[in-house]
Every structure is written in C-alpha cells, then in structure tokens.
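>>> Sequence first, then the predicted structure:
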Amino acid sequence: EQQEEDVLRELRLFLRNVTERLSLDRRFKAFTKPVDIEEVPDYMLVIRKPMDFSTLLTNIDEQKYVTVGEFMSDAELIWQNALEYNPDSDPMDRHIRHRACALKDTVRAIIRDELDEDFERVCEEVKESR
Ligand SMILES: Cc1noc(C)c1-c1cc(NS(=O)(=O)c2ccccc2)cc(C(=O)O)c1
C-alpha cells in the first residue's frame, strides 16, 4: 500500500544518491561503466557476474532492490570482480586492486554512517511481506 511505496521510493533515492556520489569520485572511474569487452576480451570468461555503477543505477530505476542488503550484494561484485580479475603483482593489477579496496571501504563507511537501522528494518519487513 502507500506506506510501502513511500519506503521503497525513499530507498531508491538513498541508493541513487550513494551510487551517483561514487560515480563522481575520480578514483572509481574504471567502475562507472561495464568493463569494455573490446579492451578486455577474456573478461567474461573469468567474471561470471559483471557489475558497475551504471548497471546499479539501472537496477535501482527498475526497482530491483527492496533492501539495502540486496543493493550491497550487487555493489560488492564491483570490487570482488576487480580483485578476482586483477590478481597479479604487476603495477596495473595492484593499481586496480587498491581502487577496489578503497571502493569497498568507502561504500561500507557510507552505509554505516548514513543508513538508519530502523529504515533498513522496515525495508526488510516489506521484503518479508512479499
Ligand atoms: C574495472 C576493471 N576490472 O578489470 C579491469 C581490467 C578493469 C579495467 C578496465 C578498463 N578499461 S575499460 O575500457 O573496460 C573501461 C574504461 C573506463 C571505464 C570503464 C571501463 C580500465 C581500467 C582502469 O583501471 O583504467 C580497469
């Protein structure tokens, strides 16, 4: 009913705000769009579920996420995939891994500092009721 729609609209506004702030951070430019298969031809052979900020925003608009936890499961793929695909000790791999770790810490700090626990609990209740 209306209260549920209000909660899910507020969730979408929060998740869009977080995702857009991350997209503006120059450290995370490589995470803004899907990895380019022309540039990285074997990427899809290694990474089963690619993820990036533009895909997160599309998912938000398509109302895929009913809780912050569901959003985090996809957001975590961004840094997990980067660590998995770039494991070597060469400078390029290290550089993308540093940015992946910075992204992980940044997202977790934002959620800890800005997500109201009571709000997430209400979202979980909406999810259970479906
Ligand atoms: C992400 C990622 N995961 O594995 C790898 C490897 C990367 C990755 C991919 C690219 N090149 S790209 O054409 O696919 C692209 C450019 C700009 C935004 C989004 C993707 C560049 C970099 C980089 O560090 O500059 C990193």
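Cool, got the structure. Numbers count the residues shown, from 1 in each chain.
>>> Neighbours of Pro91, how many?
8 (other Cβ atoms under 10 Å). Backbone N, C-alpha and C define where each C-beta goes, glycine included.
>>> and what of the one 5 residues further on?
For Ile96, the count of nearby residues is 17 (other Cβ under 10 Å).
>>> tell me the contacts of it?
Ala30, Ala82, Asn86 (Cβ atoms under 8 Å, 6 or more residues apart in numbering).
>>> Highest neighbour count among the residues you listed?
Ala82 leads those on contacts (other Cβ under 10 Å) with 23 neighbours.
>>> Count residues in the vicinity of the residue lying closest to it once chain neighbours are set aside, would you?
In space, Ala82 comes closest to Ala100 once its chain neighbours are excluded; the distance is 3.8 Å by Cβ to Cβ, 6 or more residues apart in numbering. Burial of Ala100 is recorded as 22 neighbouring residues (other Cβ under 10 Å).
>>> cool, the one 3 residues further on as well?
A count of neighbours around Leu103, defined by other Cβ under 10 Å, yields 22.
>>> picking up where we left off before, next, format the contacts of Ile96 as TSV and append secondary structure and distance to the ligand.
Below are these laid out as TSV (DSSP: H, G, I helix; E, B strand; the rest coil; distance: Cβ to the nearest ligand atom, whole Å):
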residue	secondary structure	distance to the ligand
Ala30	helix	4
Ala82	helix	5
Asn86	coil	5
